[in-house]
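> Build the 3D model from these lines:
(one chain, ligands or ions: 2)
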Amino acid sequence: MAGRVDLDGNPIKPITICMIGAGGFIGSHLCEKLMSETPHKVLAVDVYSDKIKHLLEPATLPWADRIQFHRINIKNDSRLEGLIKMADLTINLAAICTPADYNTRPLDTIYSNFIDALPVVKYCSENGKRLIHFSTCEVYGKTIGAFLPKDSPLRQDPAYYVLKEDTSPCIFGSIEKQRWSYACAKQLIERLVYAEGAENGLEFTIVRPFNWIGPRMDFIPGIDGPSEGVPRVLACFSNNLLRREPLKLVDGGESQRTFIYIKDAIEAVLLMIENPARANGHIFNVGNPNNEVTVRQLAEMMTQVYSKVSGESSIETPTIDVSSKEFYGEGYDDSDKRIPDMTIINRQLGWNPKTSLWDLLESTLTYQHRTYAEAVKQAMSKTTAN
Ligand SMILES: NC(=O)c1ccc[n+]([C@@H]2O[C@H](COP(=O)([O-])OP(=O)(O)OC[C@H]3O[C@@H](n4cnc5c(N)ncnc54)[C@H](O)[C@@H]3O)[C@@H](O)[C@H]2O)c1
Ligand SMILES: O=c1ccn([C@@H]2O[C@H](COP(=O)(O)OP(=O)(O)O[C@H]3OC[C@](O)(CO)[C@H]3O)[C@@H](O)[C@H]2O)c(=O)[nH]1
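Ligands and ions are numbered 1, 2, ... in the order given. Okay, the predicted model is just below:
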């Protein structure tokens, strides 16, 4: 920890970070990194703390005086401004960010991603505090290429599908496709943060994560989350594998995604935290363009990797097709393809992702098996007995 220097060779001074949404998937990994590798202090704000319990207890942990948990719902708690004032930097991760909610709970989704984020932006701007705001790759929506005929050669041209922070448009579906409530709310809060920078001098960085995955992502339904809940694809497929049931491919599993290992992505966030002069005023894609697969290919890979790490053979019918209406309900729509352009983050922070999809699935599914296999077995035998 001693002698840490930034990318320009200047010594890094310890700072205090107000991290909102610290108890979630990304927050838990960021807290872990900050505690184990830096001298910074974290005021961790969330309604839940289960995913960071190992960092908060026991009080003898070497970083015990550098992390404080504040159980606060930012919708309605007057303590928030005080915490932002106490910190040098605020990182806002709080959000409803599971697609199953976007079309079924659009009001909660819009309030969470836009209205609830407003005071955070305001307090940072009014108090002259730096803000790192978490947006999403979903602000790009669909690619331009998605609107070309299926056999158009232009579909092969990266100009029609690679997503660039400063030039790509944001293409959403119609209003009744409520899937886009999240992307639209995130886009508007990005515009507000950007405008606060332009008009009032707010020092900001906007992060657009492209499908970060790894241990502690979401929940396994019926084990550490609601039985009827629908988490993001990694947890959906993990749940199917743990229960030895077919993985459900929505609308044929043709959509494409690039997945990045959470630990690679956290390296990028740490560079933003410790290099404000290079990160302020920028919007950064954070993803791994080399890890592109269709959802069907992801399902096949996860089935293979899970077999390897669990020692169990795969089931006879590893996947089944399901319509999006059946799986997510009315108003679902999808992003067709998401490849991040890496020019800006590479130029500003010299960052590149490292971990291949196979390797990241191997470590993540090893964690899922170790953490959940026994609990799932017990829950399933209870259901059969009843
Ligand atoms: N994981 C990804 O790949 C990904 C992709 C795109 C965008 N993002 C964005 O990154 C951020 C973090 O995502 P994540 O994957 O860690 O999600 P997550 O759901 O695991 O974490 C969000 C955390 O925010 C907390 N929170 C929500 N509302 C709150 C409130 N009102 N008060 C206090 N705490 C509240 C939740 O309890 C949760 O712990 C989100 O803004 C999300 O939109 C993530
Ligand atoms: O059982 C399942 C679950 C999902 N799918 C399909 O997989 C694709 C990816 O789904 P998911 O990871 O749940 O979410 P998205 O990538 O669509 O959206 C996320 O991206 C970033 C973020 O902003 C936050 O994480 C969020 O909005 C998708 O095509 C599903 O239909 C499946 O086939 N089977």
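
> Show me what residue of the stretch 51-200 of the chain gets nearest to ligand 2.
Thr136 (3.7 Å; Cβ to the nearest ligand atom). Glycine gets a C-beta too; all of them are placed from N, C-alpha and C.

> can you count the residues close to that residue?
Neighbour count for Thr136, taken as other Cβ atoms under 10 Å: 20.

> Arg244 too?
Residues lying near Arg244 (other Cβ under 10 Å) number 15.

> can you pull the contacts of it?
Glu312, Ile315 (Cβ atoms under 8 Å, 6 or more residues apart in numbering).

> give me every residue that touches the residue of the chain found nearest ligand 1.
Proximity of the chain to ligand 1 (Cβ to the nearest ligand atom) peaks at Gly24, 2.0 Å away. Residues counted as contacts of Gly24 (Cβ under 8 Å, 6+ apart) are Asp46, Tyr48, Lys51, Leu93, Ala94.

> quick one: the closest residue in space to the third one that isn't next to it in sequence and Phe210, what's the gap?
Residue nearest to Lys51 in three dimensions, not counting chain neighbours: Ser28, with 3.9 Å by Cβ to Cβ, 6 or more residues apart in numbering. For Ser28, the distance to Phe210 (Cβ to Cβ, to the nearest Å) stands at 19 Å.

> can you check Asn103 too?
From Asn103 to Phe210 the distance is 21 Å (Cβ to Cβ).

> picking up where we left off before, for the residue of the stretch 51-200 of the chain closest to ligand 2, which non-adjacent residue is spatially closest?
Closest to Thr136 by Cβ to Cβ, 6+ apart is Lys186, at 5.1 Å.

> What's opposite the most centrally placed residue in the chain in the beta bridge?
The centroid of the chain falls nearest to Trp212 when counting by Cα atoms, centre = their mean (5.2 Å). Counting by DSSP bridges, Trp212 forms beta bridges with Ile260.

> got a list of what it touches?
Applying Cβ under 8 Å, 6+ apart, the residues near Trp212 are Phe25, Ile26, Phe259, Ile260, Tyr261, Ile262, Ala265, Val286.

> The fourth one is in contact with Asn211, isn't it?
In other words, Ile260. Yes. Judged on Cβ atoms under 8 Å, Ile260 makes contact with Asn211 at a distance of 6.7 Å.

> Settle this for me: Thr355 is touching Tyr261, isn't it.
Yes. Look at Thr355 against Tyr261 with Cβ under 8 Å: they come within range, at 3.9 Å.

> joint contacts of these two?
Joint contacts of Thr355 and Tyr261 (Cβ under 8 Å, 6+ apart) are Asn288.

> ok, which residues in the stretch 1-150 of the chain are in contact with ligand 1?
Residues of the stretch 1-150 of the chain lying near ligand 1 by Cβ under 6 Å from any ligand atom: 21, 23-27, 46-48, 73-75, 93-95, 97, 112, 116, 134, 136-137.

> Could you measure from Thr364 over to Arg216?
10 Å.

> Give me the spatial nearest neighbour of Asn356, chain neighbours excluded.
For residue 356 the amino acid is Ser, not Asn. Using Cβ to Cβ, 6+ apart, the nearest residue to Ser356 is Asn291, at 6.8 Å.

> and the lengthiest helix in the chain, what other elements does it pack with?
Longest helix in the chain, counting residues (DSSP state H): helix 357-385. If you count contacts as 3 or more Cβ pairs under 8 Å, 6 or more residues apart in numbering; DSSP states H and E, helix 357-385 packs onto helix 233-242, strand 260-261, helix 295-310.

> Direction-wise, compare the last one with helix 233-242 and give the angle.
For helix 295-310 against helix 233-242, the angle between stretch directions is 50 degrees (axes from the mean of the first three to the mean of the last three Cα atoms, to 10 degrees).

> Buried ones in helix 295-310, by neighbour count?
Neighbour counts over helix 295-310 (16 or more other Cβ atoms under 10 Å) mark 295-296, 298-303, 305-307, 309-310 as buried.

> cool, and stretch 341-359?
Asp341, Met342, Ile344, Ile345, Gln348, Leu349, Trp351, Pro353, Thr355, Leu357.

> residues from the stretch 201-350 of the chain in reach of ligand 1?
Residues of the stretch 201-350 of the chain lying close to ligand 1 by Cβ under 6 Å from any ligand atom are Pro209, Asn211, Trp212.

> where's the first one relative to Val309, distance?
So that's Pro209. Relative to Val309, and taking Cβ to Cβ, Pro209 is found at 25 Å.

> so Cys137 touches Pro209, yeah?
Yes. Applying Cβ under 8 Å, one finds Cys137 in contact with Pro209, separated by 6.4 Å.

> Now the common contact residues for the two.
With Cβ under 8 Å, 6+ apart, Cys137 and Pro209 have common neighbours Gly287.

> Contact residues of the stretch 201-350 of the chain facing ligand 2?
Near ligand 2, when you scan the stretch 201-350 of the chain using Cβ under 6 Å from any ligand atom, you find Asn211, Arg232, Val233, Cys236, Lys248, Leu249, Val250, Gly253, Ser255, Arg257, Val295, Asp334.

> go again using 5 Å as the cut-off
By Cβ under 5 Å from any ligand atom, the part of the stretch 201-350 of the chain that sits against ligand 2 consists of Arg232, Val233, Cys236, Lys248, Leu249, Val250, Ser255, Val295, Asp334.
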